[in-house]
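S.K.: Please work out how this folds:
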Amino acid sequence: LTELNNIEFYCGKAEDIVPFLMNVLAPQNVITIVDPPRAGLHSKVILALRRAEHLKKLIYVSCNPRAAMSNFVDLCRAPSNRVKGASFRPVRAMAVDLFPQTRHCELLIFFERLEYTDSSSAAAAAPPASPGTAAACGTQGEDGNSPASSEGSQAAAAQGDCRPREGSP
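M.R.: Okay, here's the model as predicted:
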C-alpha cells in the first residue's frame, strides 16, 4: 500500500461517512463494496446509496443473508417519496465458504443500477419476478431454507444467474 497514492481512509460510523463520501465521489466512476455487520446496513447508508445516481455498481458482502434481506429489498424497490434514486437489481451472487465444515458462508451479491427510459415507467422497467438470486444459487439460511423461500422475503426477486458470463467483470 505504500506505493499507492490514490487511496484515502475514513474512520467513523458508516451512517455518518457514506452520505458524505457519495457526494465527494459523485463525479467519479466507482464500484462500491459494502460489508456490513450481521444486522445489515443502517437505513441512512441505504438511502445514501440509492440517492447516489452516479453509483452504477454495488457489491454487497453478507455474512447473514436472512438478516440482510430488508437491505436487499430497499436496494431493489421502486423509487418513492422515502427512497430516492433508481433501483438496483441483483445480477450475480456467489457463496464463499470461509468456514469449511460449518453451515456458515459469506454471500457476495453484485447489484447494478436500473436505467429507466421514462421516469413514470419505473415499475414497467423492472425485470419480471422470479426466484431470488440467493435462492437461484442454492444459498441456505441457518435453518437450511433458502432465504427467498421464507415468508416476507421477496428481496432479490429479479432475474438471477450465478454462472459466470463471458466478457462480464
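
S.K.: switch to C-alpha atoms for all contacts and neighbour counts from now on
M.R.: Fine.

S.K.: any idea how far residue 115 lies from residue 85?
M.R.: Summarising the geometry, the distance separating residue 115 from residue 85, computed by C-alpha to C-alpha, to the nearest Å, is 10 Å.

S.K.: quick one, which of those two is more surrounded?
M.R.: When residue 115 and residue 85 are compared on other C-alpha atoms under 10 Å, the one with more neighbours turns out to be residue 85, at 21 against 14.

S.K.: May I have the secondary structure class of that one?
M.R.: Here residue 85 is recorded as coil under DSSP: H, G, I helix; E, B strand; the rest coil.

S.K.: Might you report the residue contacts of it?
M.R.: Neighbouring residues of residue 85 by C-alpha atoms under 8 Å, 6 or more residues apart in numbering: 50-53, 79.

S.K.: go with 10 Å
M.R.: 47-54, 75, 78-79, 113-114 (C-alpha atoms under 10 Å, 6 or more residues apart in numbering).

S.K.: can you check residue 110 too?
M.R.: 33, 57-61, 88-94, 133.

S.K.: before we move on, what about residue 112?
M.R.: Remark: with contacts taken as C-alpha under 10 Å, 6+ apart, residue 112 is in contact with 31, 55-59, 75-76, 87-92.

S.K.: Just the residues you listed: which are in strands?
M.R.: Using DSSP state E, 31, 57-59, 88-92 are the members of these that sit in strands.

S.K.: Can you give me the buried ones in the host helix or strand of residue 15?
M.R.: Element membership of residue 15 [criterion: DSSP states H and E] is helix 14-24. Buried positions in helix 14-24, judged by neighbour count with 16 or more other C-alpha atoms under 10 Å: 14-15, 18-19, 22.
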